[in-house]
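Enquirer: 3D model of this:
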Amino acid sequence: MGGAHDANLFDFFCEKSILADFIRVLNLQKAPKTVKVQLLQTLSMLVQNIRRQTSLYYLLSGNYVNKLIKMPLDFSDEEILAYYITLLKSLAMRLDAETIKFFFIQHPEPNFPLYIEATKFFQHRDQMVRATVRTITLQVYSIEFQPMRMYVLRHAAEYYFTQLAYHLRDLWLRIDAAALGASEDDLATLQHVNDLQQDLLIYLSDVFELNVADLNEVLADRLLNCAMLPVFLSSVASSETSDRRSQPVNSRERSFSSTPPARVVSPTVALFLLRQVFETLRSSVLLEPLASALVMPTVAEALACAFPDTGEGPIFSQSPVHEDSVHNALRQHFMKFLECREDTPFMLAAAVVHSCVRNRQALSVPFLTRARVIPARASSTAGDKDGREDFEVLLLLLQALQRHSFWQPATFRVLVRIVMDLLMDPAVCHHVEFWALALRMVQQALASATECAQQAVQQGLPQGGTADDSLLDAFFEEWERHRGPLASVAEVCGDPRHLLLPTVPPSSMRSASEPQEAADGARRALGSFLMLRRLLSDMGRFSPQVPQERLPGPVNCFWAGPSDEPSPFRADATSHDEFREGMSMDVEDMERVVCGVLASDGKHTRHLILHRSWLLLAQPDLSAPDRVVITTLWPVHQVQSLIDRSDPRTLRIGMLAHHCAGPPPGESVASAAAPGASTAFYGIALSFEDVKRCHSADKHLQRRRHEARAQLARRLLEFLEASAKHSRQVREEQQHKR
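Expert: Predicted coordinates:
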């Protein structure tokens, strides 16, 4: 309100105490709703548009605003509530070190209506209302006014932060209930509740990042004691990794008895949520106690006393290690998840470790070293297994690479990403003794995976030496997949689908046909071999680029991008350099068949060049009879042909593309593909003058496909044998050095 007329109008507004009249009208029960809505909207606009500081002070004086905030309105009416919350936000945006004195009442009793009334709506069903409340509180917490902070701290400890913790706990219980027995059809409900708790975690992170020490301590205390320790630790302490909650828990219960249920949520849900907590929050005052409970061999006695009773005795040893610490038996329960062979619990537990190491702002290198997650800089040669227990957690993840044949492909790709990220930590890759051990373990895993891949390929080759279509296709798909960016741990492990129980019993799943089991096993073996091969290569390639010390700020994962390694199995690579779509070529000495391509705008005359390695269609050059222009070029080993039964002069051709990002074959039509698929399918129809020519073309393509695939199968075996030979040489050299 900067203009002269606006200033005069505002002076008149203040002189006549119109704000007091507004409050009086709002307080009238018989006042129409439209009037109240208009008044709230007008006041909100007035507060937002005041430009002169003196005008703002004049408006806020007289305690009228606080009376307005405490006005008993009908908040069951969504429209009134929306305008009221908007008004509170407008007022909160005016808070600073000077204006806080108008909002915070110190005498006769301390009171802060703006903060108190706003926090009453923290759990409202409307997202806009919740978001506004969070904005208001963040604005309040950022104000440095000691009397107000003392009041807010007391209120937060007694009410707001406590209720936030219980609300977060309720959301976690709802996630567990939604996942219990849920199917793919129930995913929407599970996803919705997961989104709610993620939003709340982000808000809590915003509070912590204000760096108000006293506030952070109170918030961390309430979250740990009212939500995280009771929910997570009793669930992690469960001896089983996959079964579900055996009895319901009252989500409104506000305290734990001395003998609560053995679990609050299922272990899988607990690990899923723990990863999100470590990934989202950055406060050491919160995360160090939580991480200590999971991975620290000893914990402070005060923390151990806060551990919930599982009904099976304490989950920490009563015998003190030092004066103020005791043995932490809960750690053994968490380690079981890193040793198990069940995909989801293992993957989520590994992701928790990954988040701990990557969370540089909260968990320091000394903490992770004491927790035996990463090795200490000073090399250790004492203790069992040559000091290996000093980095027990990371060692378990490296050992999991040896179990490559047990993991689902998605799990193994996430494991490789986790291992690579942890190995690229400065404290790890610059530790000479541990790095040598890690190299040996990855090499051993690669040697085992190579042997499994060799067996899979050999079993897929009949006596004639022609590879089964699915085997070669699986290799090409896995090759393209392993060349892509490394898996995103947050994206995969944050997907609530992992919490759904399988809709088919395991016994029924194992009754699949033997050919399908063999195909799945071969694909898994080839995928594991390629991922471990890349892991070993990337370790040597990227470790010299890692700085000697941890740098502040986000981690630059320069090692996680796509690989540019070309495929060693591209058919007839020399001829690929000679041919390309759009080029003109002389076909005088080439065998060819005239045909037509069926397109939406009619039939076009083409020459099918009978090439050894390529499906090659060309458009005749009318000005030069012996020259053509290539219109479609595709490797013949990725081509399948089929004569149309309804018209034996039509040849239907399918073309497989294992790398969807590349251009499609020139005149082909793409078929629908599943979202995120690594393989695309294209089709084209050729029309011939007679049946004989159609059959001749079909016979040529099938014969060349057969020959090309047999050659590729031999080259694949040679490739695997070369890898196995290299692995043996490396092991022999290492043994010789030792």
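Enquirer: where do the helices sit along the stretch 151-300 of the chain?
Expert: Under the criterion DSSP state H, counting those that start in this stretch, the stretch 151-300 of the chain contains helices at 161-179, 187-208, 213-223, 234-236, 267-280, 284-295.
Enquirer: closest one to Met531 among those helices?
Expert: Closest to Met531 of these is helix 267-280 (CB to CB; 21.4 Å). Where C-beta positions appear, they are placed from N, C-alpha and C, glycine not excepted.
Enquirer: now that closest one: how far from the chain's centre is it?
Expert: Offset of helix 267-280 from its chain centre (CA atoms, centre = their mean, to the nearest Å): 12 Å.
Enquirer: okay if I get the helices of the stretch 151-300 of the chain as CSV plus distance to Phe529 and mean pLDDT?
Expert: Below are the helices of the stretch 151-300 of the chain laid out as CSV (distance: least, CB to CB, whole Å; pLDDT from 0 to 100):
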stretch, distance to Phe529, mean pLDDT
helix 161-179, 34, 94
helix 187-208, 33, 94
helix 213-223, 44, 95
helix 234-236, 34, 88
helix 267-280, 28, 95
helix 284-295, 31, 94
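Enquirer: any chance of TSV for the ones you listed, columns distance to Phe579 and mean neighbour count?
Expert: Below are the helices of the stretch 151-300 of the chain laid out as TSV (distance: least, CB to CB, whole Å; neighbours: other CB atoms under 10 Å):
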stretch	distance to Phe579	mean neighbour count
helix 161-179	54	22
helix 187-208	47	17
helix 213-223	64	19
helix 234-236	60	25
helix 267-280	49	25
helix 284-295	58	22
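Enquirer: name the nearest residue to Tyr166, ignoring sequence neighbours.
Expert: In space, and not counting its chain neighbours, Tyr166 is closest to Cys226: 5.8 Å by CB to CB, 6 or more residues apart in numbering.
Enquirer: mind listing what that neighbour touches?
Expert: 162, 165-166, 169 (CB atoms under 8 Å, 6 or more residues apart in numbering).
Enquirer: quick check: the farthest pair among the residues you listed?
Expert: Thr162 and Arg169 (10.8 Å).
Enquirer: surely Pro113 is in contact with Asn63?
Expert: No - between Pro113 and Asn63 there is no contact under CB atoms under 8 Å: 9.6 Å.
Enquirer: settle it for me: which of these two has more neighbours?
Expert: Pro113 (20 against 12; other CB atoms under 10 Å).
Enquirer: give me the pLDDT value at the more buried one.
Expert: Note on Pro113: pLDDT of 93.
Enquirer: and for Val37?
Expert: At Val37, pLDDT is 87.
Enquirer: look up how far Leu43 lies from it.
Expert: Between Val37 and Leu43 the distance, using CB to CB, to the nearest Å, works out to 11 Å.
Enquirer: between the two, who's got more neighbours?
Expert: Between Val37 and Leu43, counted using other CB under 10 Å, the more crowded position is Leu43 (23 against 16).
Enquirer: for the closest residue to His430 other than its chain neighbours, grab phi and psi.
Expert: Excluding the flanking residues, the one nearest His430 by CB to CB, 6+ apart is Gln548, at 6.0 Å. Here is the backbone geometry of Gln548 (degrees, to the nearest 10): phi -70, psi -30.
Enquirer: burial count for Gln548?
Expert: Around Gln548 there are 9 residues (other CB under 10 Å).
Enquirer: confirm for me that it is in contact with Pro426.
Expert: Yes - the pair Gln548 / Pro426 is scored as a contact, 5.9 Å apart, by CB under 8 Å.
Enquirer: tell me where this structure has strands.
Expert: 298-300, 320-322, 325-327, 584-586, 592-599, 602-610, 614-620, 627-635, 639-643, 650-657, 669-670, 680-687 (DSSP state E).
Enquirer: for those strands, which one sits closest to Leu532?
Expert: Nearest of these (CB to CB): strand 650-657, 25.9 Å.
Enquirer: how does this structure divide into domains?
Expert: 4-144, 581-723 (automatic domain parsing).
Enquirer: reformat the ones you listed as TSV; add distance to Ser528.
Expert: Formatted as TSV, these follow (distance: least, CB to CB, whole Å):
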stretch	distance to Ser528
domain 4-144	43
domain 581-723	13
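Enquirer: weakest of those in terms of mean pLDDT?
Expert: Minimum mean pLDDT among the domains of the chain: domain 4-144, a mean of 84.
Enquirer: how far off centre is it?
Expert: 41 Å.
Enquirer: so what's the closest residue to Val373 other than its chain neighbours up against?
Expert: Closest residue in space to Val373, ignoring its immediate chain neighbours: Val393 at 4.3 Å, by CB to CB, 6+ apart. For Val393, the contact set (CB under 8 Å, 6+ apart) comprises 295, 335, 338, 353, 371-374.
Enquirer: just want the angle from the longest helix anywhere in the chain to strand 592-599.
Expert: Longest helix in the chain by number of residues (criterion: DSSP state H): helix 691-737. Counting by axes from the mean of the first three to the mean of the last three CA atoms, to 10 degrees, helix 691-737 lies at 90 degrees to strand 592-599.
Enquirer: helices or strands up against helix 691-737?
Expert: Judged by 3 or more CB pairs under 8 Å, 6 or more residues apart in numbering; DSSP states H and E, helix 691-737 is in contact with helix 432-459, helix 469-483, helix 514-542, strand 592-599, strand 602-610, strand 639-643, strand 650-657.
Enquirer: how does it look with 7 Å?
Expert: Judged by 3 or more CB pairs under 7 Å, 6 or more residues apart in numbering; DSSP states H and E, helix 691-737 is in contact with helix 432-459, helix 469-483, strand 592-599, strand 639-643, strand 650-657.
Enquirer: how about the shortest one: buried residues?
Expert: Within strand 639-643, the residues that qualify as buried are 639, 641, 643, counting by 16 or more other CB atoms under 10 Å.
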